[in-house]
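Generate a structure from the sequence data that follows.
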Amino acid sequence: MPELSKIFQSGDWKKEKHVPVIELPGTIKKGENLKVLVSVGKEIPHPNTTEHHIAWLDIYFLPEGEKFPINLGKFDLSAHGASSQGPNTSTLYTQPDVSFTFKTDKPGEIIAFSYCNIHGLWNNSLKISF
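Numbering: from 1, shown residues only. The predicted structure is shown next:
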């Protein structure tokens, strides 16, 4: 079985359209609601067609000093222009942008994964501290 680090790809999101971009507000406070935005294709748009699209985003939080991450959310992106008329005939397209809110009393790392149906698994992370 291959190591996970060998199947997940990463890169600079300003140059690579598959990397999930994690954005937070300017001030992060312990125990207060924290709004997180995760998107794919911030600088270079990712195609969103029946044949080539981001299918899902999965986001975790790894509290500092703990061994295992906690899942914050799984987001299936299901509309990519397909319909009963055939590929790319619908006017519905789900964009790979999600936002959610959580709170924590510990600093740690937000870890985001994205899946492109052609180019596989991608990841990125962002440390948060108070």
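
Residues in contact with stretch 7-21: which ones?
For stretch 7-21, the external contacting residues (C-beta atoms under 8 Å, 6 or more residues apart in numbering) are 38-46, 54, 57, 112-114, 116, 119-124. In short, each C-beta sits where N, CA and C put it, glycine included.

from the chain's centre, how far out does it sit?
Remark: stretch 7-21 is offset 10 Å from the chain centroid, using C-alpha atoms, centre = their mean, to the nearest Å.

coming back round to it: return the subset of the contacts of stretch 7-21 lying in strands.
Using DSSP state E, 38-40, 54, 57, 112-114, 116, 120-124 are the members of those that sit in strands.

what's the first-to-last distance across stretch 73-80?
One end of stretch 73-80 sits 21 Å from the other (C-alpha to C-alpha, to the nearest Å).

can you give me the strands for the chain?
8-9, 20-23, 34-40, 54-63, 70-76, 97-102, 108-116, 120-128.

Can you find the helix or strand in this structure with the smallest mean pLDDT?
helix 4-7 (a mean of 74; mean pLDDT, DSSP states H and E).

Quick check: the gap between the residue nearest to H119 when sequence neighbours are not counted and S114.
Distances taken as C-beta to C-beta, 6 or more residues apart in numbering put H18 closest to H119, at 5.6 Å, once the chain neighbours are dropped. Remark: distance between H18 and S114 (C-beta to C-beta, to the nearest Å) = 6 Å.

neighbour count winner among those two?
Neighbours per residue (other C-beta atoms under 10 Å) separate H18 from S114, with S114 holding more: 30 against 24.

now the more buried one, which residues is it bridged with?
L57, W122 (DSSP bridges).

what does stretch 75-94 contact?
Residues contacting stretch 75-94 (C-beta under 8 Å, 6+ apart): 48-51, 53-59, 95-96, 98.

Next, the distance between the ends of that stretch.
End residues of stretch 75-94 are separated by 11 Å (C-alpha to C-alpha).

just stretch 77-84 next, same as before
Calculated as C-alpha to C-alpha, the first-to-last residue distance of stretch 77-84 is 18 Å.

Repeat that for stretch 113-124.
7 Å.

and what of stretch 39-53?
13 Å.
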